[in-house]
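# Have a look at this fold, sequence not included:
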């Protein structure tokens with residue numbers, strides 16, 4: 001079992017994820033409305049042991065891949 005440490009987008013707390021249970025991860029672009037940022041750019045990380053839609057983290061997919069290796 002290999003664990004990586006990621007940072008939650010919502011509260012900046014640490015998340016420890018078992019890499020064997022990562023189902024997918026992808027970059028979500030910044031969302032702006034009426035000239036202001038509604039949601040910052042982040043990465044969505046799906047974990048196979050949860051059915052809640054996954055986690056939103058501040059690390060990029062490239063950073064996650066480096067942590068996994």
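Okay, I see it. Quick caveat, the model's predicted, so the values are computed rather than measured. Numbering: from 1, shown residues only.
# and stretch 37-51, which residues are buried?
By neighbour count on 16 or more other C-beta atoms under 10 Å, the buried set for stretch 37-51 is 42-47. Using the backbone N, CA and C atoms, a C-beta is placed for each residue, glycine as well.
# now swap in stretch 9-19 and tell me
Going by neighbour count (16+ other C-beta under 10 Å), the buried part of stretch 9-19 is 9, 17.
# Could you say which helix or strand holds residue 49?
Remark: residue 49 resides in no helix or strand, with elements defined by DSSP states H and E.
# before we move on, what about the one 10 residues further on?
Under DSSP H and E, no helix or strand contains residue 59.
# Tell me which residues touch it, please.
By C-beta atoms under 8 Å, 6 or more residues apart in numbering, residue 59 lies in contact with 6-7, 43, 67.
# for the buried residues of stretch 37-51, which one is nearest residue 14?
For residue 14, the nearest member of these is residue 45. The distance, counting by C-beta to C-beta, is 13.5 Å.
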